[in-house]
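Asker: output the structure for:
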Amino acid sequence: MSFAAPDVVRMFTAGERYVFPSGQTGTVGVSPPAGLNLPSGRIVACDPFTGLGPYGGDPFTVAVPPGRYPVTLSVVDIAEPDGAGDDDHEDGPARPHQRVAAARLLVRDEPVVVWEQAVVPEQELALPG
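Answerer: Numbers count the residues shown, from 1 in each chain. As a prediction, the model looks like this:
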């Protein structure tokens with residue numbers, strides 16, 4: 001199943017800004033590329049907290065040729081809306097923070113023609129409609 005491509009250019013453009021429904025703003029920063037060694041070509045992507053236990057770690061069904069690939073991170077600085085008080089949040093005061101919003105693994109330096117959802121074995125995609 002193919003789907004509309006995400007706006008990867010925007011997600012990986014340093015200084016790009018997002019405004020969230022909560023009023024928070026996010027400003028994109030991009031990490032320098034780091035090499036990821038994939039000796040088997042199999043890729044696993046997960047939240048590191050949930051992926052460390054029995055609920056993660058299955059590789060995607062499609063592999064890449066074994067090798068070393070550059071990975072960059074889109075790191076977003078989240079800021080609270082102007083005038084947000086410290087008592088607006090149940091878990092404690094509102095504070096600026098960073099989040100990794102996306103990771104990009106560059107397999108080929110060519111324009112993308114078709115996007116396909118990455119799945120793990122036995123995962124079923126919901127059909128639109």
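Asker: quick one: which helix or strand includes the residue nearest the centre of the chain?
Answerer: By Cα atoms, centre = their mean, the chain has its centre lying nearest to Ala102, at 2.2 Å. Per DSSP states H and E, Ala102 falls inside strand 97-105.
Asker: all strands for the chain, in order.
Answerer: Counting by DSSP state E, one finds strands in the chain at the ranges 17-19, 25-30, 34-38, 67-79, 97-105.
Asker: list the residues that contact Phe12.
Answerer: Contact analysis of Phe12 by Cβ atoms under 8 Å, 6 or more residues apart in numbering lists 28, 30, 72, 74, 102, 104. Any C-beta I mention is one placed from the backbone N, CA and C, and that applies to glycine too.
Asker: ok, of those residues, which come out buried?
Answerer: Among these, those scoring as buried are 28, 30, 72, 74 (criterion: 16 or more other Cβ atoms under 10 Å).
Asker: got the contact list for stretch 36-44?
Answerer: The contact list for stretch 36-44 (Cβ under 8 Å, 6+ apart) reads 51, 56-60, 63-71, 105, 118.
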